[in-house]
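Participant: Sequence plus the predicted model coming up.
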Amino acid sequence: MYGGSNVANQLKALLGIEVPILQGGMAWISEANLASAVSNAGGAGIISTGGRTTEYTRDEIRRCRTLTDRPFGVNVMLMAPNKDEIVDVICEEKPAFVTLGAGNPVPYFEKLHAAGVKVIPVVPSVKLAKRVEDKGADAIVVEGMEAGGHIGVLSTLPLMEQVIPEVKLPVVMAGGFGDGRALAAALLMGASGVQMGTRFLVAEECVVHDNMKAKLIEAVDTDTIVTGFTIGGSVRGIKNKFSEEFVALELSGKATKQELLDRATGTNKLAAVDGDVVNGMVQAGETLTLLREVEPVKVIVERIVREARETLANAAKIEI
């Protein structure tokens, strides 16, 4: 087992996991195969329900249980029109926990807790962190703008500095985490663990299209771009024909908000599922040069843990 700090033990005890790593819920990508692999490696896998049906949600939770006997979670995107029905399925199927983002999670706390499901909202600010703590959240994911996909306006380090001292519940940091040094840094800052999404995109068990895996492996550190920041829906992904043309149109002022939204609709699936990495939105965070090859989840997690242990041991020798 990972022998991290007391705060890491807080998260591990809450979820019944061995390693303080959550796998991010990535729409069209995070399903039972990836989630079970992360849970089997000692972390906590997460099934994404973004863009999915209630039938899919139920089937994936049940399929995940055939692939692992360890705890896993489900992510609910609160912008989804069928979010209430998705939550009902989660309450019936009872995964270990749920992460909730892109909307107000508080109305769902009581129902999920009554079903025995732990509640972990995703928040981008001190104000929201304190609010969900007051309303009874079991833990929180605090996500910086270095993350892939939908992002807030604050970066990860300032969020760690400001949120962690203000709350008592376990804090899972997200946004720009890809190796063990980053995990160690979060633990030293007082976080209970980290959530990683982009790092697992090149895992063998990840079902994302091979074209997208190849695009990520060839990317360099400066290859991300943020689309939609003028229309209140910032999304980080890889520079390609779609994203660069979208930003150029967005900044030109020649398209309405609705026209831009229409242009973006379906582009995540186009890249992740269909493999069109030219015209699709390749959502990914900023830790791109860490994605060197396709490897099993177990290898990725073991390396992260080894690096974290080494970093924490070396940190004890530092004098100021």
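Facilitator: Done, it's in.

Participant: what's the domain layout of this protein?
Facilitator: For the chain, the structural domains run 10-207+293-316, 210-273, going by the TED database.

Participant: With distance to residue 285 as extra columns, can I get the ones you listed in JSON lines?
Facilitator: Every residue, glycine included, has its C-beta placed from N, CA and C. As requested, the domains of the chain are exported to JSON lines (distance: least, CB to CB, whole Å):
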{"stretch": "domain 10-207+293-316", "distance to residue 285": "4"}
{"stretch": "domain 210-273", "distance to residue 285": "6"}
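
Participant: Which among those is found nearest to residue 281?
Facilitator: Nearest to residue 281 among the domains of the chain is domain 210-273; the distance by CB to CB comes to 4.0 Å.

Participant: Straight-line length of the closest one, end to end?
Facilitator: 9 Å (CA to CA, to the nearest Å).

Participant: Name the stretch among the domains of the chain that sits most buried.
Facilitator: domain 10-207+293-316 (a mean of 21; mean count of other CB atoms under 10 Å).

Participant: how far out from the middle of the chain is that domain?
Facilitator: Domain 10-207+293-316 sits 6 Å away from the centroid of its parent chain (CA atoms, centre = their mean, to the nearest Å).

Participant: Kindly report the same for stretch 200-219.
Facilitator: With CA atoms, centre = their mean as the basis, the mean position of stretch 200-219 lies at 16 Å from the chain mean.

Participant: and if you look at stretch 230-245?
Facilitator: How far stretch 230-245 lies from its chain's middle: 18 Å, per CA atoms, centre = their mean.

Participant: From the rest of the structure, what touches that stretch?
Facilitator: When contacts are defined by CB atoms under 8 Å, 6 or more residues apart in numbering, stretch 230-245 is touched by residues 145-153, 215-216, 219, 223-228, 250-251, 257, 260-261, 264, 267, 277-286, 288.

Participant: Looking at these, which are in strands?
Facilitator: In this view, these that belong to strands under DSSP state E are 149-150, 224-227.

Participant: From the contact counts, what lies against the helix or strand harbouring residue 172?
Facilitator: In the assignment (DSSP states H and E), residue 172 maps to strand 171-174. Judged by 3 or more CB pairs under 8 Å, 6 or more residues apart in numbering; DSSP states H and E, strand 171-174 is in contact with strand 140-143, helix 156-163, strand 193-196.

Participant: I'd like the ones you listed as a markdown table, with distance to residue 305 and mean pLDDT appended.
Facilitator: As requested, these are exported to a markdown table (distance: least, CB to CB, whole Å; pLDDT from 0 to 100):
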| stretch | distance to residue 305 | mean pLDDT |
| --- | --- | --- |
| strand 140-143 | 20 | 97 |
| helix 156-163 | 20 | 97 |
| strand 193-196 | 12 | 98 |
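
Participant: want to throw these into JSON lines with distance to residue 237?
Facilitator: Compiled in JSON lines, the helices and strands packed on strand 171-174 are given as follows (distance: least, CB to CB, whole Å):
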{"stretch": "strand 140-143", "distance to residue 237": "16"}
{"stretch": "helix 156-163", "distance to residue 237": "18"}
{"stretch": "strand 193-196", "distance to residue 237": "17"}
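
Participant: These: which one's closest to residue 169?
Facilitator: Closest to residue 169 of those is strand 140-143 (CB to CB; 6.4 Å).

Participant: right, and residue 177 touches residue 193 too?
Facilitator: No - contact criterion CB atoms under 8 Å: residue 177 and residue 193 do not qualify, at 9.6 Å.

Participant: Name the residues contacting each of those two.
Facilitator: Any residue near both residue 177 and residue 193 by CB under 8 Å, 6+ apart counts here, and that gives 183, 186.

Participant: Next, work out how far apart residue 308 and residue 41 are.
Facilitator: The spacing between residue 308 and residue 41, counted by CB to CB, to the nearest Å, is 14 Å.
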